[in-house]
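In: below are the sequence and a predicted model; questions follow.
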Amino acid sequence: MAKHCQLSKKKYNRANKVSFSNKHNKHKQEANLQTKRFWDPQQQKWVRLRVSTKTIKTITKFGLRSAAKRLGAGQAVLAK
């Protein structure tokens, strides 16, 4: 499974681990992804999505369809 949010396309961040001796080593900071079910009132069924926690907050505030439109995902993800 791809490690990115299905609605916002949020993915990992490239960062540096900095040791006590101030050595810099590159590593990834993964997005905080959760698998969650959302009720889609238009289709009258549950939709299972892998989304970031920030996206979950957005969906809670605006609703599933409106949040998908705001985040630029469109209806393609919700059509499954």
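Out: Received, thanks. What you see is a predicted model; the values in this text were computed from it and never measured. Numbering: from 1, shown residues only.
In: counting by contacts, list what the longest helix anywhere in the chain packs against.
Out: Ranked by residue count, the top helix of the chain under DSSP state H comes out as helix 53-62. Contact analysis of helix 53-62 by 3 or more C-beta pairs under 8 Å, 6 or more residues apart in numbering; DSSP states H and E lists strand 33-40, helix 64-70 as its packing neighbours. Yep, even glycine has a C-beta here, placed from its N, CA and C like the rest.
In: out of these, which gets nearest to T53?
Out: Using C-beta to C-beta as the criterion, the shortest distance between T53 and the helices and strands packed on helix 53-62 is 6.2 Å, found for strand 33-40.
In: centre of the chain to that closest one, how far?
Out: 10 Å (C-alpha atoms, centre = their mean, to the nearest Å).
In: just the angle between that strand and helix 53-62, please?
Out: Taking axes from the mean of the first three to the mean of the last three C-alpha atoms, to 10 degrees, one finds strand 33-40 and helix 53-62 inclined to each other by 20 degrees.
In: pLDDT below threshold where in this structure?
Out: 1, 74-76, 80 (pLDDT under 70).
In: how about stretch 59-67, which residues are buried there?
Out: 59, 64, 67 (16 or more other C-beta atoms under 10 Å).
In: quick one, what contacts G72?
Out: Contacts for G72 were tallied using C-beta atoms under 8 Å, 6 or more residues apart in numbering; they are 8-9.
In: surely it is in a helix?
Out: No: counting by DSSP: H, G, I helix; E, B strand; the rest coil, G72 is not part of a helix but coil.
In: deepest of the helices and strands packed on helix 53-62, which one?
Out: Burial among these, expressed as mean neighbours by mean count of other C-beta atoms under 10 Å, is greatest for helix 64-70, which shows a mean of 17.
In: which SS class is K3?
Out: K3 ends up coil, using three-state DSSP.
In: these two touch, right, it and Q29?
Out: No: using C-beta atoms under 8 Å, K3 and Q29 do not qualify as a contacting pair, with a distance of 11.3 Å.
In: so which of these two has more stuff around it?
Out: In this comparison of K3 against Q29, neighbours counted by other C-beta atoms under 10 Å, the higher total goes to K3 at 12 against 9.
In: number of residues surrounding the residue nearest to that one when sequence neighbours are not counted?
Out: Setting aside the residues directly before and after it, K3 is nearest to E30 in space (C-beta to C-beta, 6 or more residues apart in numbering), at 6.0 Å. A count of neighbours around E30, defined by other C-beta under 10 Å, yields 10.
In: kind regards, and thank you for your time.
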